[in-house]
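1. Have a look at this prediction, sequence included:
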Amino acid sequence: MKTAGVIGIGDMGSGLARNLIKNGFETHGFDLSKDRMDTFEGFGGKPVADVEEMGRLVDVAFVMVMNGHQARSVILGSDGLVANMARGSTIILSATIKPSEARSIGEDMEGSGIHLIDSPVSGGFPGAQSGTLTMMAAAEGDVLDDNLTVMQAVSAT
């Protein structure tokens, strides 16, 4: 079973994390808010100190941040996921950002050996908490297949 991570464990990310844990995934999390980190740990999550540490620990990382700038920084920054994840790992970009921002991140990841699933979600807070989100996922078919169980843990569709 894959080791999962969630960056941004607010209203939406906490739901992702809860459902990953509920479905048996070892789940690491990171958020800038200490209160959110404490809550995450309280429901069985494994807090990490920073994005760099998460990258070293997980096979698949959900990025549920507020905007494209934050997504780019978390994914492509010098201490970001791409710099620290093992080749063959996957980033699921679940934050709702501009299509041009997602494309740009994907283009800049080319050649890294890290896969990207661009997957904005629908269903809001109730869907995130109940594991019934709709994921609009785009990636190569084999990458989607390899991460199907992780995505099914947090979504109904």
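-> Good, I have the coordinates. Owing to the predicted nature of the structure, the values given are computational and were not obtained by experimental measurement.

2. Could you check how many residues crowd around V60?
-> By the measure other CB atoms under 10 Å, the count of residues near V60 is 23. Heads up, the C-betas are built off the backbone N, CA and C, glycines and all.

3. partners of it in the sheet?
-> A4, T90 (DSSP bridges).

4. isn't it right up against I7?
-> No. If you go by CB atoms under 8 Å, V60 and I7 don't touch, sitting 11.7 Å apart.

5. residues bridging contact with those two, i.e. touching both?
-> Common contact partners of V60 and I7 (CB atoms under 8 Å, 6 or more residues apart in numbering): none.

6. Is it correct that V6 falls within a helix?
-> No. Checked against DSSP: H, G, I helix; E, B strand; the rest coil, V6 lies outside a helix; its state is strand.

7. For M12, see how far away it is.
-> Computed as CB to CB, to the nearest Å, the V6 to M12 distance reads 9 Å.

8. Look at these two and report which has more neighbours.
-> Under the neighbour definition other CB under 10 Å, V6 and M12 were set side by side, and V6 has more, 31 against 25.

9. Excluding sequence neighbours, find me the nearest residue to G13.
-> Distances taken as CB to CB, 6 or more residues apart in numbering put M64 closest to G13, at 3.9 Å, once the chain neighbours are dropped.

10. quick one, what contacts that neighbour?
-> With CB under 8 Å, 6+ apart, M64 has these contacts: 6-10, 12-13, 16, 94-95.

11. Redo the residues you listed as JSON lines? Include distance to G113 and pLDDT.
-> JSON lines is the format used below for the contacts of M64 (distance: CB to CB, whole Å; pLDDT from 0 to 100):
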{"residue": "V6", "distance to G113": "22", "pLDDT": "98"}
{"residue": "I7", "distance to G113": "20", "pLDDT": "98"}
{"residue": "G8", "distance to G113": "24", "pLDDT": "97"}
{"residue": "I9", "distance to G113": "27", "pLDDT": "96"}
{"residue": "G10", "distance to G113": "30", "pLDDT": "93"}
{"residue": "M12", "distance to G113": "28", "pLDDT": "93"}
{"residue": "G13", "distance to G113": "25", "pLDDT": "95"}
{"residue": "L16", "distance to G113": "24", "pLDDT": "96"}
{"residue": "S94", "distance to G113": "21", "pLDDT": "96"}
{"residue": "A95", "distance to G113": "22", "pLDDT": "93"}
